[in-house]
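# below: sequence and its predicted model.
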Number of protein chains: 2
Amino acid sequence: MPKIKLSDLMTPSLLVDYEKLENNIRSMATKAKKNGVNLRPHVKTHKCIEIGKMQVERGATGITVSTLGEAEIFAKAGFDDITYAVPISRNKIQKALELSSNISLKILVDSPAIVNELDKASHEVQNKIEVMVKVDCGYHRCGIDPKSNAAVNLVKKIDDAQNLSFKGILTHAGHSYLAKNESEIKRIAEQEQQVMADFAKILGRNGLSPEVVSIGSTPTVALADTFLDEITEIRPGNYVFYDYTQVVLGTCKLSDCALTVLASIVGTYSDRIVIDAGATALSKDQGPAHKIPNCGFGKVIEDYDKCVLASSVNIDSLTQEHGKVIVTGESNTQFNNSDLIRILPNHSCLSANLFDKYIVVEQDKILDSWSIRHI
Amino acid sequence: MPKIKLSDLMTPSLLVDYEKLENNIRSMATKAKKNGVNLRPHVKTHKCIEIGKMQVERGATGITVSTLGEAEIFAKAGFDDITYAVPISRNKIQKALELSSNISLKILVDSPAIVNELDKASHEVQNKIEVMVKVDCGYHRCGIDPKSNAAVNLVKKIDDAQNLSFKGILTHAGHSYLAKNESEIKRIAEQEQQVMADFAKILGRNGLSPEVVSIGSTPTVALADTFLDEITEIRPGNYVFYDYTQVVLGTCKLSDCALTVLASIVGTYSDRIVIDAGATALSKDQGPAHKIPNCGFGKVIEDYDKCVLASSVNIDSLTQEHGKVIVTGESNTQFNNSDLIRILPNHSCLSANLFDKYIVVEQDKILDSWSIRHI
């Protein structure tokens, strides 16, 4: 990299603070190790080979992806143990089988019909295809009800299938993102673990013990004090960067947040400033609006080194390439035309998905630039 | 392109209906021609060279961009008349000047400080830099108050600057997107034109007649019946695709909408289905929520050829790669695991920004694939 300063960057740019990133990666790996669970981070958050490698070098035992495109990109870069954590549909079976011939790819299902199709399609594949069952632990997005007979029958069906190998069970407590306070997240974290432990026991009594019992969301994993014996794996993703939503949920400190958007002020007016970071930089994610209504589309940072957010300003609305920042009162921050400001996004995963690269920084120094690999 | 069917596509995919796209492009070009105004479409909507070329071949006299990255990409592809329609900030001046040496690039300003910087930086450039003044016609995002003395003074400053050439005035009536009905949009369209015509006259009286008087937003341009004599240029963008928001605003018919997201059903449950199109396919744009609260994140299409939306279903929430579709009653559509569905996005510009390519279709036939050029 040629030596450039933050002020030389085109805006909007996506900055990742190397020191904070590394701390977050290390802390989660340490927590997993201390508790005797494997860490299989979700790379959909960053979609970046360099960050994935940092995670593996510091203790992760594999990765999780949310698309087969991500699986392909990471497989090409040498990652050979990948869980594709969205239930598979018919049109993705062929690509999944191709990937399975080169790496250990765990495929997710939550219904018997797709098991039939997967088994049938796999008859020409040399190894048995590793299958995980998606469990609904209370989030009610995907997953089978683990208390239903259908759940045990589904596992039995996979176990009986000629070309499939039942690997384990997997859940995601996404409802933790809607929790009102930390104790509610802790309750959800306990629920997530208990549901999975109970289901693992039921399967055990049926001679179908899962090798892998996988849980994970950044809030529930970050706030869990301990893990039940049955839990073998955690899959947080967002923790590498954290973001404003996680700060408000209480799952991290402001000083842990590693990802910021660098923007320029393109206009100053009597009641507002306008920046060049809009929906294509910050995303229209409304953040922790269930706790702080109209909390805006990210937070303007007043002093990055001291971790102080600007008071009396709100990123009120976003259009494609413009952000409108309302000045609601006396602010300590002076906003002048062409000034650079850093913004803590509401949702780091969605912000990262909108950029092509991370600018890796340490304080005001630019260390490197890492590609964000889109499918 | 090898011959493939829609059902062979990986999902989510972004489909553009060639016939509708072409109709939309032709209709707007015809409207501009009939009314004696130039059409300078905003390519931020599609970021696609092929679509830009269709627009120019069918009558556009130049293009509008929202980033210098877009300007660079289109300039390389032979587009030589580009308006960069976001007020410039200091860190973009150098790149803008580089571009200006190869093409006619119009640069936007709305404050005197940046005019000084631009003039100073331009002293080594051979040609004078073409500058437009951004005017606030009531949207209150960017732009100078055209009734203020500051507005005339700003134009005078540009006209006096050694290295700058005052080209014209430009506005965007973005508040049309928040209108409650068509007559309100028409009122805003009249306001947009009147404000600009009045300002042009004031400038004329000061010996500063603008060569270009540019207006534009898809709603105001689509619903304007006539254009005032002073208006020389329109800059709609969204009209190439339209979307659900435009349908609800009344600026297009459902049958005009050219862009859809093809998704797979990855799970069916008693009260919901889950699809593989989430925030990274549909964006978290809430659409015309000011007219239809909780209208969801796009509309499931029941019958594409007959332009019928599915009843009794709502795309209730999006996470990164999942969409949760709530079934609110009896629906005519059967939803089965692995079925493909087409979704009309709330905001086609933001959806397109999330993909790398368009799959160009005519009915069920795939004609081509066009790159979406990100910065």
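Cool, the structure landed.
# A:T83 reaches A:G62, doesn't it?
Yes: between A:T83 and A:G62 there is a contact under CB atoms under 8 Å: 6.8 Å. C-beta coordinates here come from the backbone N, C-alpha and C atoms, glycine included.
# pick out whichever of those two has more residues nearby.
Just comparing A:T83 and A:G62: by other CB atoms under 10 Å in any protein chain shown the higher neighbour count belongs to A:T83, 25 against 21.
# the more buried one in helix, strand or coil?
Under DSSP: H, G, I helix; E, B strand; the rest coil, the three-state class of A:T83 is strand.
# what do you get for A:T226?
coil.
# quick check: it touching A:N35?
Yes: counting by CB under 8 Å, A:T226 touches A:N35, with 6.7 Å between them.
# between these two, who's got more neighbours?
Ranked by neighbour count (other CB under 10 Å), A:T226 and A:N35 place A:N35 first, with 15 against 11.
# quick one: contacts for that one?
A:226-227 (CB atoms under 8 Å, 6 or more residues apart in numbering or on different chains).
# ok, now A:S317?
Here A:S317 is in contact with A:297, A:323-324 (CB under 8 Å, 6+ apart).
# let me see the contact set for the residue in the stretch 101-250 of chain A that chain B sits nearest to.
In the stretch 101-250 of chain A, the residue found nearest to chain B is A:C142; the distance is 4.7 Å by CB to the nearest CB. Contacts for A:C142 were tallied using CB under 8 Å, 6+ apart; they are A:86-87, A:110, A:134, A:136, B:266-267, B:274, B:322.
# buried residues, whichever helix or strand A:V115 is part of. List them.
Secondary-structure assignment from DSSP states H and E places A:V115 in helix A:112-121. For helix A:112-121, the neighbour count (16 or more other CB atoms under 10 Å in any protein chain shown) marks A:114-115, A:117-119, A:121 as buried.
# swap in stretch A:366-375?
A:366, A:370, A:372-375.
# what sits against the closest residue in space to A:T319 that isn't next to it in sequence?
Of all residues not flanking A:T319 in the chain, A:G278 sits nearest, at 5.3 Å (CB to CB, 6 or more residues apart in numbering or on different chains). Each residue near A:G278 by CB under 8 Å, 6+ apart is listed here: A:318-323.
# secondary structure class for the residue of the stretch 101-250 of chain A closest to chain B?
Relying on three-state DSSP, one would call A:C142 coil.
# what residues does the helix holding A:V115 touch?
By CB under 8 Å, 6+ apart, helix A:112-121 touches A:87-90, A:93-94, A:97, A:107, A:109, A:129, A:131, A:150, A:153-154, A:157-158, A:161-164, B:337-338.
# need the contact list for the residue nearest to A:Q55 when sequence neighbours are not counted.
Spatial nearest neighbour of A:Q55, excluding adjacent residues (CB to CB, 6+ apart): A:P41 at 5.0 Å. By CB under 8 Å, 6+ apart, the residues touching A:P41 are A:28, A:52, A:55, A:60, A:63-64, A:235-237, A:239-240.
# next step: those residues restricted to strands.
A:63-64 (DSSP state E).
# and the contacts of A:P41 as JSON lines, adding pLDDT, neighbour count and distance to A:L254?
Formatted as JSON lines, the contacts of A:P41 follow (pLDDT from 0 to 100; neighbours: other CB atoms under 10 Å in any protein chain shown; distance: CB to CB, whole Å):
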{"residue": "A:M28", "pLDDT": "98", "neighbour count": "23", "distance to A:L254": "18"}
{"residue": "A:G52", "pLDDT": "98", "neighbour count": "24", "distance to A:L254": "26"}
{"residue": "A:Q55", "pLDDT": "98", "neighbour count": "25", "distance to A:L254": "23"}
{"residue": "A:A60", "pLDDT": "98", "neighbour count": "24", "distance to A:L254": "25"}
{"residue": "A:I63", "pLDDT": "98", "neighbour count": "25", "distance to A:L254": "27"}
{"residue": "A:T64", "pLDDT": "98", "neighbour count": "26", "distance to A:L254": "27"}
{"residue": "A:R235", "pLDDT": "98", "neighbour count": "24", "distance to A:L254": "25"}
{"residue": "A:P236", "pLDDT": "98", "neighbour count": "25", "distance to A:L254": "19"}
{"residue": "A:G237", "pLDDT": "98", "neighbour count": "26", "distance to A:L254": "20"}
{"residue": "A:Y239", "pLDDT": "98", "neighbour count": "28", "distance to A:L254": "15"}
{"residue": "A:V240", "pLDDT": "98", "neighbour count": "29", "distance to A:L254": "16"}
